[in-house]
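Trainee: Any chance you can model this:
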Amino acid sequence: MLAVLYNNLSIISLVLYALILLIAGWFFYSKRLSVKLAQIFVLLVIVFLFFQAGFLTFLQYFSFKSTPPGMYLLPPYQPITYFLSYVWLHFWAGPVAAVGFSLVSGFAAWVLNYLRGERFFEKEEIFLLALAGLTSGWPNFLMYLGLAIILMILVNFGNLIIYRDSQYRLPSGLFIIVAALIILIFGDYLAPYLGIGQFKI
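Mentor: As a prediction, this is how the structure comes out:
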């Protein structure tokens with residue numbers, strides 16, 4: 001059972017994140033996404049990220065302990081700090097970075113929005129921004145952020161050209177969700193071509 005979960009963990013996380021993004025996007029599009037619901041989506045992804053890291057840590061310890069070469073990487077042959085540094089680098093650093101950068105980007109968006117009289121984002125869109133960053137992961141978060149900004153600029157510029165209305169702003173949440181889904185599905189394939197892979201932890 002554990003082996004099946006391990007072998008399909010990436011698929012499970014991909015499907016789960018896609019479902020959360022689609023559900024959040026549907027609630028947003030139908031104008032039923034409250035700030036509290038958006039916060040629940042963010043918390044759900046954070047919990048899953050750390051559950052996944054903890055699960056992989058458990059499997060790694062079990063793998064080391066059950067094989068002759070690996071058992072020599074655990075106490076009493078090696079200090080426990082060796083194992084902790086190993087699982088931190090392989091399983092925990094990426095999720096922690098994704099959570100950190102997503103929360104920082106959400107806070108930065110809130111500050112910018114506050115200073116500009118809440119002209120850029122609705123309150124729930126700020127949590128969508130953090131949610132999309134979490135599902136993109138690190139370092140694909142960088143591609144997601146760039147793509148979301150490009151989509152917002154292009155569509156709003158097109159709106160200005162076609163309708164000549166500088167006051168109307170299309171909802172940012174739509175671009176956030178679309179960009180997050182694109183990066184979630186194609187991010188790992190695009191990363192090597194864009195040089196993003198070098199930032200992978």
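
Trainee: doesn't residue 121 make contact with residue 109?
Mentor: Yes - assessed by C-beta atoms under 8 Å, residue 109 is found in contact with residue 121 at 5.7 Å. C-beta: built from backbone N, CA, C; applies to glycine.

Trainee: more neighbours, these two?
Mentor: residue 121 (23 against 19; other C-beta atoms under 10 Å).

Trainee: since we're on residue 72, how many residues are nearby?
Mentor: The burial count for residue 72: 11, using other C-beta under 10 Å.

Trainee: now do residue 131
Mentor: Residue 131 has 27 neighbouring residues, counting by other C-beta under 10 Å.

Trainee: Would you check how far apart it and residue 56 are?
Mentor: Separation of residue 131 from residue 56 (C-beta to C-beta, to the nearest Å): 22 Å.

Trainee: likewise residue 126?
Mentor: Residue 126 is 30 Å from residue 56, by C-beta to C-beta.

Trainee: Name the residue in the two with the higher neighbour count.
Mentor: Using other C-beta under 10 Å as the criterion, residue 126 and residue 56 rank with residue 126 on top: 24 against 16.

Trainee: Report pLDDT for the residue nearest the centre of the chain.
Mentor: Closest residue to the average C-alpha location of the chain: residue 134 at 1.9 Å, with C-alpha atoms, centre = their mean. If you check residue 134, the pLDDT there is 93.

Trainee: same thing with residue 188?
Mentor: pLDDT, residue 188: 86.

Trainee: can you check residue 156 too?
Mentor: Looking at residue 156, the pLDDT reads 69.

Trainee: I'd like the average pLDDT over the longest helix belonging to the chain.
Mentor: Scanning the chain for the longest helix, with DSSP state H as the assignment, gives helix 35-66. Averaged over helix 35-66, pLDDT sits at 92.

Trainee: Same check on stretch 100-119?
Mentor: 84.

Trainee: ditto for stretch 11-30
Mentor: Rounded mean pLDDT across stretch 11-30 is 92.

Trainee: Can you tell me what sits against that stretch?
Mentor: 5, 33, 37-38, 41, 44-45, 48, 52, 124-125, 128, 131-132, 135, 171, 173-174, 177, 180-181, 184-185 (C-beta atoms under 8 Å, 6 or more residues apart in numbering).

Trainee: go with 7 Å
Mentor: 33, 37-38, 41, 44-45, 48, 52, 124, 128, 131, 135, 173, 177, 180-181, 184 (C-beta atoms under 7 Å, 6 or more residues apart in numbering).

Trainee: so which helix or strand takes in residue 12?
Mentor: Applying DSSP states H and E as the criterion places residue 12 in helix 9-29.

Trainee: buried residues in that helix?
Mentor: By neighbour count with 16 or more other C-beta atoms under 10 Å, helix 9-29 contains the buried residues 13, 17, 20, 21, 24, 25, 27, 28.

Trainee: cool, stretch 71-86 as well?
Mentor: Buried, per 16+ other C-beta under 10 Å, within stretch 71-86: 73, 83, 86.
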